[in-house]
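Student: next come a sequence and a model predicted from it.
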2 protein chains.
Amino acid sequence: MTHPFDAAIQLEAGGQGLAGRTVPEYANMVGPFGGASAAALLRAVELHPERAGSPVALTVNFAAPIADGEFHIDTNLVRANRTNQHWTVSLHQGDGVMATATAVFGTRRDTWSDIEAQMPDVPAPESVERTPGPEGIRFLQNYDLRFVAGPPPVDGVARPSSTTTLWVRHDPVRDLDFSALAALSDIFYPRIFLRRGEPVPAGTISMTVYFHVEDAEVVGLGDDYVLATAAGQQFARGYFDQTAQLWSRDGALLVTSSQIVYYKYSFGG
Amino acid sequence: MTHPFDAAIQLEAGGQGLAGRTVPEYANMVGPFGGASAAALLRAVELHPERAGSPVALTVNFAAPIADGEFHIDTNLVRANRTNQHWTVSLHQGDGVMATATAVFGTRRDTWSDIEAQMPDVPAPESVERTPGPEGIRFLQNYDLRFVAGPPPVDGVARPSSTTTLWVRHDPVRDLDFSALAALSDIFYPRIFLRRGEPVPAGTISMTVYFHVEDAEVVGLGDDYVLATAAGQQFARGYFDQTAQLWSRDGALLVTSSQIVYYKYSFGG
């Protein structure tokens, strides 16, 4: 039995590049969950025979809404250096480019390391109540979401802070890997919802993910919860940014990421 | 008399795409200042006849050291939507791709907007002493740098914080534009220097810049100082990240950015 996330990022040689297919379990309101598409783009590089090292950086630009159904991914190794590789990637449907990406893969070495950021002070996931994924956003049914701060607002009250912090885990459970971390970097509902106190039409335009862990550390995470926290720095005339972190239970900063999001807010509703 | 920054990003039709040339005033220790290369990549899109709107997002991947001399930039409009455009860009020397970029341009609209981030509480630039650009890093001679926090360490003492905050302005003065803001997003010396208390070999691999202002606001900045602040969140086995903000004197958050940087630190020296 294939896990739905693995089905969502499953790629097979087909024509030019690799062929994949959206799955209903990872559907968003329109088209697939962007995080799953980002994960598929990353997976395409991981599957390439010339790939060396593990993911260091991934930027995905969502150029057009991906339709439900088949898609194709092309990968191009632009430059291979001694310790890192630069890739460009694109996701196509029919004649159209629906997403582009750049990825850096690299090798890591033992040297001085330190986590400077502070992990949010939160209770263990087991002592936080699970929030049911909202109706109509199918992919969220496939995550166990436990909000510590900034759950989706349902009262129409605008908040001064756009920070959301939650524990999140695949449901059904699944071991974490780089693709799963790429997807989790996009797990947050749009920050504008908190600032306006209500849902606002919004969509990610570009997302960048930096991976701070190597393969063995990711394997060591197993299928445990990850602490995800995000905030916006500025909401300006139709675009806001989001910075985010993913932490392990024991305080490893797995991923830092940022994204820029389109929003369309009309005063008075 | 052409300003050296304008010379550094000057592009002319030549063969395929656009041709530019590095200038000595924007030289780094090896090759040109990465911020100037990022600015040239952005400028290439700005010059394209099909460009619509102003920059929203720019990601530059530095694939290989750019040599002093001529370079070529190719731009490709991947997708044009009603309110935004997705571009891919590459910088070549000879047969090699030295940098790739993706850019999103878009139109902005009047709607609810808010700066959620806090501007650092700092004295005016006129009351902060100017730090001479260090010998051997030529491009810094072309910026007026006034450090409020986290100047380059010269005492060998490792700091617990990697935060640097400075006022910065072109010298000779020059009006700000999107290209200048792209370059300023990369004005910071490597964050690892503060954490180790000394220079450490390091280089930016990938940088992402989100622009939060539109043309008229950038014009309104004139040639004034910009407040630039940056910090690292994690230093892990040869790669650290940096998040940064650029603020106007009167408290507008102009740019938020992030980058991932390679470093090579040997214990005991």
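Tutor: Cool, got the structure.

Student: can you give me the helices in the stretch 151-269 of chain A?
Tutor: Along the stretch 151-269 of chain A, counting by DSSP state H, counting those that start in this stretch, helices occupy A:178-184, A:192-196, A:215-221.

Student: pretty sure residue A:72 contacts residue A:13?
Tutor: No: assessed by C-beta atoms under 8 Å, residue A:72 is found out of contact with residue A:13, at 10.8 Å. (Each C-beta comes from the backbone N, C-alpha and C, glycine too.)

Student: identify the contacts common to these two.
Tutor: residue A:19 (C-beta atoms under 8 Å, 6 or more residues apart in numbering or on different chains).

Student: higher neighbour count, those two?
Tutor: For the pair residue A:72 and residue A:13, the greater number of neighbours falls to residue A:72 (19 against 9), based on other C-beta atoms under 10 Å in any protein chain shown.

Student: tell me the bridge partners for that one.
Tutor: Taking DSSP bridges, one obtains residue A:19, residue A:92 as the residues bridged to residue A:72.

Student: so what's it up against?
Tutor: Counted by C-beta under 8 Å, 6+ apart, residue A:72 has contacts A:14, A:15, A:16, A:17, A:18, A:19, A:20, A:91, A:92, A:93.

Student: can you select the buried ones from those in ChimeraX?
Tutor: Buried residues among the contacts of residue A:72 (16 or more other C-beta atoms under 10 Å in any protein chain shown), as a ChimeraX selection:
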select /A:17,18,20,91,92,93
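
Student: out of the contacts of residue A:72, who's nearest residue A:249?
Tutor: residue A:20 (31.1 Å; C-beta to C-beta).

Student: roughly how far does that closest one sit from chain B?
Tutor: 19 Å (C-beta to the nearest C-beta, to the nearest Å).

Student: likewise residue A:108?
Tutor: Residue A:108 is 4 Å from chain B, by C-beta to the nearest C-beta.

Student: residues in contact with that residue?
Tutor: Residue A:108 touches A:53, A:54, A:214, B:236, B:237, B:238, B:239, counting by C-beta under 8 Å, 6+ apart.

Student: wait, which of those residues is closest to residue A:259?
Tutor: For the contacts of residue A:108, the nearest to residue A:259 is residue B:239 (19.9 Å; C-beta to C-beta).

Student: now for the closest one: which residues touch it?
Tutor: Neighbours of residue B:239 in contact, by C-beta under 8 Å, 6+ apart: A:56, A:106, A:108, A:210, A:212, B:205, B:260, B:261, B:262, B:263.

Student: one more time with 7 Å
Tutor: A:56, A:106, B:260, B:261, B:262 (C-beta atoms under 7 Å, 6 or more residues apart in numbering or on different chains).

Student: now neighbour count too, for these, in TSV please.
Tutor: Shown next, in TSV, are the contacts of residue B:239 (neighbours: other C-beta atoms under 10 Å in any protein chain shown):
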residue	neighbour count
A:56	25
A:106	25
B:260	24
B:261	23
B:262	21
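
Student: burial check on the residue nearest to residue A:109 when sequence neighbours are not counted, number of neighbours?
Tutor: Excluding its sequence neighbours, the residue lying closest to residue A:109 (C-beta to C-beta, 6 or more residues apart in numbering or on different chains) is residue B:238, at 4.9 Å. Around residue B:238 sit 22 other residues, with neighbours defined as other C-beta under 10 Å.

Student: list the contacts of residue B:238.
Tutor: A:108, A:109, A:111, B:262, B:263, B:264.

Student: of those residues, just say which sits nearest to residue B:24.
Tutor: Nearest member of these to residue B:24, counting by C-beta to C-beta, is residue B:262, at 25.3 Å.

Student: and that closest one, what does it touch?
Tutor: B:202, B:203, B:205, B:238, B:239.

Student: poorly predicted segments of the stretch 1-150 of chain A, please.
Tutor: Regions of the stretch 1-150 of chain A meeting the criterion pLDDT under 70 cover residues A:15.

Student: near chain B, which residues of it?
Tutor: Residues of the stretch 1-150 of chain A lying near chain B by C-beta under 7 Å from any C-beta of the partner chain: A:56-57, A:59, A:61, A:63-64, A:78-79, A:81, A:84, A:86, A:88, A:97, A:100, A:102, A:104, A:106, A:108-117.

Student: farthest pair within the contacts of residue B:239?
Tutor: Across these (C-beta to C-beta), the longest gap, 11.7 Å, separates A:106 and B:261.

Student: how about the strands in the stretch 1-150 of chain A?
Tutor: A:12-13, A:18-21, A:54-62, A:70-80, A:84-93, A:96-106, A:114-115, A:143-149 (DSSP state E, counting those that start in this stretch).

Student: elements contacting the third one?
Tutor: Right, the one you point to is strand A:54-62. In this structure, strand A:54-62 packs against helix A:34-47, strand A:96-106, helix A:178-184, strand A:202-211, strand B:96-106, strand B:202-211, with contacts taken as 3 or more C-beta pairs under 7 Å, 6 or more residues apart in numbering or on different chains; DSSP states H and E.

Student: residues in contact with residue A:113?
Tutor: Residue A:113 touches B:235, B:236, B:237, counting by C-beta under 7 Å, 6+ apart.

Student: in contact with the nearest residue to residue A:65 once chain neighbours are set aside, which residues?
Tutor: Nearest residue to residue A:65 in three dimensions, chain neighbours excluded: residue A:31, at 4.9 Å (C-beta to C-beta, 6+ apart). Applying C-beta under 7 Å, 6+ apart to residue A:31 gives the contacts A:65, A:66, A:67, A:68.
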